[in-house]
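Participant: okay, sequence plus prediction incoming.
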Amino acid sequence: MQEIRIQYRWEAIEQENNQLMDAKSKGEKTEIDVFENGDTRKQLFARSRYLLYKSREKWTVSQKQRAEILFSEYPEIEKSYHLSDALRKIYNQRVQKSVAMLKLAQWFNLVQESGLKSFSILMKTIMNQYNDTLNYFDQRSTNAAAESFNAKIKKIQTAIKRSKRKSVLPIQIIQNFCLVPKFCY
């Protein structure tokens, strides 16, 4: 979705630059189009970045207005937002694995109908890891905690290799990496 937004943003920047250069060469004052919310086309894309990550329910009033303008001007972005939001909702709902399978199948159909390449790639990735993806719905957990702990261990190993004062090192490790909560400040 962001890929599409960025592509349109670069086109808007190029269009605005061309308008400025044309007006400058003619010695005229440039009139940049402004939407009803006060954004130029370039600003619309820059300021819509974060609203596309959020669900509709969490938008502020200005984000709702900006999204309305963005979606009316660029239906492809709206289509990709709806696909992204639908996938987010599948993962945020507390459903059983069998229900998740059905919802993912429905989402796959929406992706195929959309014809959006980036979502087709995502769909194929999910399909290739289908059983692992569905296992999320059993316990609703990922391996993020294990990955985080592994990253801390690697940082500790790096700290040990770089340290010259080995006697103070264990206390510093505990404090810096918050391995024991009562030592964390």
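Facilitator: Received the coordinates, thanks. Numbers count the residues shown, from 1 in each chain.
Participant: longest helix in this structure, please.
Facilitator: Within the chain, and with DSSP state H defining each element, the longest helix by residue count is helix 2-26.
Participant: so what touches that helix?
Facilitator: Residues outside helix 2-26 that contact it (C-beta atoms under 8 Å, 6 or more residues apart in numbering): 29-30, 32, 40-42, 44-46, 48-49, 52, 74, 76-77, 80, 116, 118. To be clear about C-beta, it is placed using only N, CA and C from the backbone, and glycine gets the same treatment.
Participant: who are the packing partners of the helix or strand just after that helix?
Facilitator: Toward the C-terminal end, the helix or strand that comes next after helix 2-26 (DSSP states H and E) is helix 41-47. Judged by 3 or more C-beta pairs under 8 Å, 6 or more residues apart in numbering; DSSP states H and E, helix 41-47 is in contact with helix 2-26, helix 61-73.
Participant: surely I126 is in contact with L104?
Facilitator: Yes. If you go by C-beta atoms under 8 Å, I126 and L104 touch, sitting 7.0 Å apart.
Participant: anything in contact with each of the two?
Facilitator: Common neighbours of I126 and L104 (criterion: C-beta under 8 Å, 6+ apart): T133.
Participant: could I get the helices and strands packed on helix 41-47 as CSV with distance to N143?
Facilitator: Shown next, in CSV, are these (distance: least, C-beta to C-beta, whole Å):
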stretch, distance to N143
helix 2-26, 25
helix 61-73, 33
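Participant: mean pLDDT and mean neighbour count added to those, as a markdown table?
Facilitator: As requested, the helices and strands packed on helix 41-47 are exported to a markdown table (pLDDT from 0 to 100; neighbours: other C-beta atoms under 10 Å):
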| stretch | mean pLDDT | mean neighbour count |
| --- | --- | --- |
| helix 2-26 | 84 | 13 |
| helix 61-73 | 91 | 15 |
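Participant: of these, which is nearest A159?
Facilitator: helix 2-26 (35.2 Å; C-beta to C-beta).
Participant: quick one: residues contacting T40.
Facilitator: Per C-beta under 8 Å, 6+ apart, neighbours of T40: E16, I32, D33, V34.
Participant: swap in 7 Å and give it another go.
Facilitator: I32, D33, V34 (C-beta atoms under 7 Å, 6 or more residues apart in numbering).
Participant: quick one: contacts for the last one?
Facilitator: V34 makes contact with T40 under the criterion C-beta under 7 Å, 6+ apart.
Participant: this completes my enquiry, with thanks.
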